[in-house]
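Trainee: show me how the following folds:
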Amino acid sequence: MPHTHCPDWATALLNGFSQIFLQRHPLCGLLCLLAILLTAPALVGGALLGGVAGLLTAQRRGYAKADRQAGLFSYNGILLGLLLSLVLPWSVLLPPLIIAAGGLGAMLTQQWLKRTRGPQCLPAYTAPFVGLAWLLMGFTLPPSPGTSIEMTIPNLLAAHLSGLGQVMFLGHPAAGALIVVGLLLADRRAAGWALFGSAAGLACALLQHENPTALSGLGGYNPALVALALSQQRRPWLPLMGILLAVLLTPGFIALGLPPLTAPFILACWLIQATGRAWRQASLDSAPCALRGNRPRLR
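Mentor: Reported below is the predicted structural model:
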């Protein structure tokens, strides 16, 4: 009987694409890859090269196979490959730069994982990507949307979908639609929250009269990611607070001369999670002595 399963490396690489949206689902990852191929084919090579570089680095250095298979060492490399392919002109130095960035992203992820396995630690999210991207880009802001987009209902609907595509620097609504299908296959609840987050970011950008940013989808991708990340805790107020924080934090990075990338998403999630843990700890500390003496022991 023929072997019909994907090889381990292919599954791990596709999981890396899906991990950009905090999922572990090879078919979701395949649809993310297809979104790049169909709407920005010039970026496919960089994305694959960065993802493979991270995966091979993890394998060569003997990182945990379960983490490799989950795509945890690929997604930062994929994002770095996409970004470098987008902002840098083609040269013979570009592939080695993407390979080095993808490998370094995997090493930073491993160091984070080694130190944050406990429940009280903050997840890395895309922090290795953001840190390396800032260094490689020299803290320069990416070009702003050039063409003016007319305010129409079809363009608003397209911007809503583009908010998801812009997570991977894809401004075409078809990319967002493919990503939504992938998220629906992986987790319908997560897909719903991602769409809500993108819509909220779009609305906030329009309210601030940032029409080019809003209609290109750039106002929606950080709120969409925050909604995805915090919706996993099944407390609706958490993603709502996170969306608001991401919207408020984004202008601060621009004022500092930093390209926001996914930094507002990361910082918003960290602030929400750290505040929640501090609140729970304060509640425990203020509980009666009898309750404090009988805390459940964590394995």
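Trainee: quickly list the domain ranges of the protein.
Mentor: In the domain annotation for the chain, the residue ranges read 8-137, 153-285 (automatic domain parsing).
Trainee: in TSV, list those domains along with mean neighbour count.
Mentor: (Glycine included, C-beta is placed from N, CA and C.) Written out in TSV, the entries for the domains of the chain read as follows (neighbours: other C-beta atoms under 10 Å):
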stretch	mean neighbour count
domain 8-137	21
domain 153-285	20
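Trainee: okay, those domains in CSV with mean pLDDT next?
Mentor: Conversion of those to CSV gives the following (pLDDT from 0 to 100):
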stretch, mean pLDDT
domain 8-137, 95
domain 153-285, 94
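Trainee: other SSEs contacting the helix or strand containing residue 100?
Mentor: Element membership for residue 100, per DSSP states H and E: helix 94-115. Counting contacts by 3 or more C-beta pairs under 8 Å, 6 or more residues apart in numbering; DSSP states H and E, helix 94-115 is packed against helix 44-60, helix 75-87, helix 127-137.
Trainee: let me know the angle separating the shortest one from helix 94-115.
Mentor: Computed with axes from the mean of the first three to the mean of the last three C-alpha atoms, to 10 degrees, the direction of helix 127-137 lies at 140 degrees from that of helix 94-115.
Trainee: beyond helix 127-137, next helix or strand please.
Mentor: In the C-terminal direction, the helix or strand that comes right after helix 127-137 (DSSP H and E) is helix 153-165.
Trainee: for that following helix, packing partners?
Mentor: Using 3+ C-beta pairs under 8 Å, 6+ apart, the elements in contact with helix 153-165 are helix 173-186, helix 188-207, helix 211-215, helix 221-230.
Trainee: what sits up against that helix?
Mentor: Counting contacts by C-beta atoms under 8 Å, 6 or more residues apart in numbering, the residues outside helix 153-165 that touch it are 35, 39, 149, 170-177, 179-180, 194-195, 197-199, 201-202, 214-221, 223-224.
Trainee: now with 7 Å, please.
Mentor: Counting by C-beta atoms under 7 Å, 6 or more residues apart in numbering, the neighbours of helix 153-165 from elsewhere in the structure are 35, 149, 171-173, 175-177, 179-180, 194, 198-199, 201-202, 214-217, 219-221, 224.
Trainee: ok, now stretch 18-27?
Mentor: Contact partners of stretch 18-27, identified using C-beta under 7 Å, 6+ apart, comprise 6, 11, 14-15, 28-29, 32, 70-72, 75, 78-79, 167-168, 179, 182-183, 185-187, 190, 228-229.
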